[in-house]
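> Using only what follows, build the 3D model:
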Amino acid sequence: MSSPAESPSAESPSSESRSRIKPLLRIAAHFIEDRPAIARTLLSVMRTASRIPLLGPWMYHPIGVVSLSVGRLDDAVEALESTLERRRAWNNVADQHLARARLQAAMTRLGLSGKPDAGSRRRFEKDSERDRRRDQLLDLVIEAASRAPRDAGLAGVPLPWYLLTPDLCTDARVDSFREIADRYREDPRPQAFLSRMLSYRGDYAEATQLARRTIAATSLPDNAGDEPTRDPAFIIVGQAKAGTTSLFTYLCRHPSVLAPVFKEPNYFSEFPDAGRAWYASHFPGRDATSTDITGEASTTYFDCPAAPGRIATELPGTRIIILLRNPVERAYSSFQMFSRLGIENRSFASAIESELHAIGDCPLNEEHLACAEGLPLDRRRHLLPGAAFPYLLRWLEAIPVERMLLIHFADLAGNTESVMRRVETFLGLPHYRHDRFEPVNRGRYDAMDPQIERRLRNWYGENNEALGKLLAELIPKGAFGYDVIHHRIH
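Below you'll find the predicted structure:
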């Protein structure tokens, strides 16, 4: 980036002028965020103006803000650092923007989106270097959050809770973020982030309080009173990589559906020892006069051996939604996602060969499935979850078929409005006309090698046949989307 010319003689902006300009900067940044052509033109004009001695020092901050808004993170860091060096009167505001720019630049170097909630994630570096950078990233998150202006809150600070692991949630980091959460008690995002940090540490009591504070910071009914909390009316249990996030997003747009603190609390799989109070704290409280419902979508439940029984015991009235996908396509999508996350560093051919050799034939019964589940994760990660037949048997043994809705990924993608009406009927919701149905977390990658595709189709063949026969026996033709599932599953 061309450095703006410095002019020591230029006057420092008054408090009155700064108070007028700060909102203008925010409005301008919001306006150009999705307009790259306008941003490029504006940056060109400001760089030209920066060469004029009297205007030069005034251009650092606007150039930094615009560069940050359009993702030119190195330019943003350089310009904002120059602001701090030369325009001391702007230090507080520039400091806030610089912390955000450094955080988002670090996320980009890690291959992450600057807006993690959009689900756009790429590959981490491997092993110790990846872990070291994740360490640095969490520190930058805390720094950016601690410097955020009180009036603007944390809206511009990414809080990538999906990167948290038990080893990253140290005492020092938890204490630092606790101060941030206390400062922004009216903002639900830092409360939820701290709650997740504490859950990974096993501090379930405090995590429960924070989750309740998250609900209290929204317009949802508070779940911290004496009234019993509402149970989730539905759980989308998987399969992973079969459109669960899209379906959950569409459902939460319905005016009668209240969103939980997290889409995936993972209580019945990852946090079974957290206790029912911890789980209940993730959902809005019960309003005796309301017919609104809530739910969640933890995809780790589908292939967790204990999840069906736990849900049947603790939530006997909850309805279960299962999305199925062509298992070959699902395996390839799984590989692509774990490659972007840096967890998978093999080629698809190598990964599939390893898993086929370890698993043997595609499991068709509980004994073979349990044996395959005992393999190391990297010997079963992509293929085994697609063997839907034995997994569905587990769910049918625990949950009455009347409480289960089966949807196929291709049906959700191609006939979204029809699927949503079916889901609404299943959940007893009034029909709601959605304005749009954009896929969420859609991956883009090269087509699969045809030879590998044929090999996997053959491997899943008996599983698909068994699943089709099971559905034909249990579900009357036309119910729960049977026609779509039967034809698409092969």
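
> Output the below-cut-off pLDDT ranges for the stretch 251-400 of the chain.
By pLDDT under 70, the weakly predicted segments of the stretch 251-400 of the chain are 286-289, 341-342.

> which stretches of it form strands?
Using DSSP state E, counting those that start in this stretch, the strands of the stretch 251-400 of the chain run over 257-258, 293-296, 319-324.

> The shortest one pairs with which strands, and in what direction?
I take that to be strand 257-258. Sheet pairing here is set by DSSP bridges, and for strand 257-258 it gives strand 293-296 (parallel).

> How about residues contacting the strand it pairs with?
When contacts are defined by CB atoms under 8 Å, 6 or more residues apart in numbering, strand 293-296 is touched by residues 230, 232-236, 248, 251, 256-260, 262-265, 282-284, 318, 427, 429. Backbone N, C-alpha and C define where each C-beta goes, glycine included.

> about what we covered before: relative to Phe338, which of the strands of the stretch 251-400 of the chain is closest?
The closest of these to Phe338 is strand 319-324. By CB to CB, the value is 19.1 Å.

> Counting by contacts, list what that closest one packs against.
strand 234-238, helix 244-252, helix 388-398, strand 404-408, helix 409-414, helix 416-426 (3 or more CB pairs under 8 Å, 6 or more residues apart in numbering; DSSP states H and E).

> Which of those has the highest mean neighbour count?
Relative to the other members of the helices and strands packed on strand 319-324, strand 234-238 carries the highest mean neighbour count by mean count of other CB atoms under 10 Å, namely a mean of 26.

> For that strand, the averaged confidence score.
Here strand 234-238 scores 95 as its mean pLDDT.

> One more: stretch 470-490?
57.

> same thing with stretch 169-178?
For stretch 169-178, the per-residue pLDDT values average out at 92.

> what comes up buried for it?
Buried residues in stretch 169-178, defined by neighbour count with 16 or more other CB atoms under 10 Å: 169, 173-174, 176-178.

> same question, stretch 310-330
Going by 16+ other CB under 10 Å, stretch 310-330 has these buried residues: 310-312, 315, 318-330.

> my read: Ala298 touches Ile235, true?
Ala isn't right for residue 298; it's Ser. Yes. The pair Ser298 / Ile235 is scored as a contact, 7.1 Å apart, by CB atoms under 8 Å.

> rewinding a little: for the helices and strands packed on strand 319-324, could you give me TSV that also reports distance to Val157?
Converted to TSV, the helices and strands packed on strand 319-324 look like this (distance: least, CB to CB, whole Å):
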stretch	distance to Val157
strand 234-238	29
helix 244-252	22
helix 388-398	39
strand 404-408	36
helix 409-414	33
helix 416-426	33
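
> how about the ones you listed, which one is nearest Asp139?
With distances scored as CB to CB, the stretch of the helices and strands packed on strand 319-324 nearest to Asp139 is helix 244-252 (28.4 Å).

> Over to Arg381: give its phi and psi.
phi -60, psi -40 (degrees, to the nearest 10).

> separation between it and Ala358?
11 Å (CB to CB, to the nearest Å).

> Could you list the domains of this structure?
Segmentation of the chain into domains, based on automatic domain parsing, reads 15-109, 244-488.
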